[in-house]
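A.B. asks: need the 3D shape of this:
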Amino acid sequence: MAKKTKGDDAPDLHRLKAEFPEIHAALATGKIPSLRQALVLAGLKPERSRLEKLKNSWAKASDAERESFLAWLKSKGTLPATAPPGAGPQPAETPIASGRYLLPSTIAGIRTIMTRRGLKPADVMAEMGFPPDGRPLARALTRNVSLRLSVIAGLEAWLRRNAGE
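C.D. replies: Residues are numbered from 1 along each chain as shown. Predicted structure coming up:
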């Protein structure tokens, strides 16, 4: 059987129609507004928590949207003030990541140090004591892919060591 591609709702619709015809009918008439809600009602998909929804939205947000959101959080008093984007490495007490995702200001600081020292992501990983496979760090810097927490901890120490150079 072929792998289900993203956006291919046909298998879910067929299963819903076969196993839960009353929910399928409600979906078809518009009483249930989305396929996802119908699948949750049928018990075929789990309900996503607010945290899962926030993580998904954060991963899809652009750098500008993330900065705007962080500024909004600061204005509400729920987030400490941080350095502006591109201001270089973060102080030790300022977080460099939100969960497993690097903050835009951290990405800018890492890129600044890498450019100044002529380093590649593999070099940075090796300096932190990880295998010199720079792909995870390169993806985190270019596409904002999540990193292992141990790599984030290593990056915090690496940024502190390289901040004064």
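A.B. asks: so the residue positioned nearest the centre of the chain is in which element?
C.D. replies: With distances taken as CA atoms, centre = their mean, the residue of the chain nearest its centroid is A59 (3.4 Å). Using DSSP states H and E, A59 falls within helix 50-60.
A.B. asks: what domains does the record give for the chain?
C.D. replies: According to automatic domain parsing, the chain comprises the domains 10-42, 53-162.
A.B. asks: now the helix holding A59: mean pLDDT?
C.D. replies: For helix 50-60, the mean per-residue pLDDT is 86.
A.B. asks: then stretch 108-125?
C.D. replies: 89.
A.B. asks: mind telling me which of the domains of the chain the model trusts least?
C.D. replies: domain 53-162 (a mean of 81).
A.B. asks: okay, helices next: where are they in this structure?
C.D. replies: Applying DSSP state H to the chain gives helices spanning 10-19, 21-29, 35-42, 50-60, 63-75, 104-117, 121-127, 135-143, 149-162.
A.B. asks: got those as CSV, with distance to A97 columns?
C.D. replies: No exception for glycine: its C-beta is placed from N, CA and C like everyone else's. Listed next are the helices of the chain as CSV, based on distance: least, CB to CB, whole Å:
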stretch, distance to A97
helix 10-19, 34
helix 21-29, 39
helix 35-42, 29
helix 50-60, 11
helix 63-75, 12
helix 104-117, 7
helix 121-127, 15
helix 135-143, 9
helix 149-162, 5
